[in-house]
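Peer 1: Prediction below, plus the sequence it came from.
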Amino acid sequence: MSPCSWMAAALAAAAGLMLATAVQAQEKIYRCGNEYINNANEAKNRGCKPMEGGNITIIQGTAPQRASAPSASKASSAPRASGSRIDTSEQRSRDSDARVILESELNKAEDRLVQAKKAYANGEPEKEGIESRNYQRYLDRVAELKAAVARAESDAISIRRELDRLGPAKEASSAAK
């Protein structure tokens, strides 16, 4: 066998292998919620929908680890059995901590809202630098300031809603009882 014929045979074998791989890669892919499978029988049983069009690349990620939040007021370091309840004083403490955090965040959000409204100046902020010659730049900045005001208002409303879900604030005297 000459070197040319040997090389031609190797190329033919490589082309055949690539063709077989391409045929295998063209199996029908089915989507079942957030899961993708290529087994037609299983897909039919589960009511999955066939995927149409382009290629799908799936990268298997690592499973998220369950992180437990450290608590400064934990009475014991032993893990709780699932389904066990926490005592009411510990729950009140957690609710109180959550309220303090949310009130702090609300104060920050309201400060950001005041600053954003001040910078926006009812849609007519003063022109800065090159904006006197480039009106579009001024309009872009005004639009950004308007969006910042809307974001700050939305943040404050969301935090107030969360505070309302916690219920009315308890008096310090009733918490001590």
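Peer 2: Thanks, I have the structure now.
Peer 1: can you give me the strands in this structure?
Peer 2: Listed in chain order, the strands of the chain (DSSP state E) span 30-32, 35-37, 49-50.
Peer 1: Give me the contact list for the shortest one.
Peer 2: Spelled out, it's strand 49-50. Defining contact as C-beta atoms under 8 Å, 6 or more residues apart in numbering, one finds that strand 49-50 is touched by 28-31, 43. (Each C-beta comes from the backbone N, C-alpha and C, glycine too.)
Peer 1: Show me which of these are buried.
Peer 2: 29-30, 43 (16 or more other C-beta atoms under 10 Å).
Peer 1: if we can go back for a sec, next, give me the two most distant ones among the contacts of strand 49-50.
Peer 2: 28 and 31 (10.9 Å; C-beta to C-beta).
Peer 1: who touches both of the two?
Peer 2: 50-51.
Peer 1: nearest spatial neighbour of residue 46, skipping sequence neighbours?
Peer 2: residue 32 (5.2 Å; C-beta to C-beta, 6 or more residues apart in numbering).
Peer 1: so what's the one you found bridging to?
Peer 2: residue 35 (DSSP bridges).
Peer 1: if we take the buried ones among the contacts of strand 49-50, which one ends up nearest to residue 124?
Peer 2: residue 29 (55.1 Å).
Peer 1: returning to what we had before: just give me the neighbour total for the residue nearest to residue 46.
Peer 2: Number of residues near residue 32 (other C-beta atoms under 10 Å) recorded here: 13.
Peer 1: ditto for residue 146
Peer 2: By the criterion of other C-beta under 10 Å, residue 146 has 13 neighbours.
Peer 1: That one and residue 64, how far apart?
Peer 2: 38 Å (C-beta to C-beta, to the nearest Å).
Peer 1: With residue 128 instead?
Peer 2: Distance, residue 128 to residue 64, by C-beta to C-beta: 45 Å.
Peer 1: more crowded one of those two?
Peer 2: residue 128 (10 against 6).
Peer 1: How about the more buried one, nearest residue that isn't a chain neighbour?
Peer 2: Using C-beta to C-beta, 6+ apart, the nearest residue to residue 128 is residue 141, at 7.5 Å.
Peer 1: What separation do you get for the one you found and residue 130?
Peer 2: Residue 141 is 11 Å from residue 130, by C-beta to C-beta.
Peer 1: More neighbours: which of those two?
Peer 2: Neighbour count, other C-beta under 10 Å: between residue 141 and residue 130, residue 141 has more, with 16 against 9.
Peer 1: Do I have it right that that one meets residue 125?
Peer 2: Yes. Counting by C-beta atoms under 8 Å, residue 141 does reach residue 125; the two are 7.3 Å apart.
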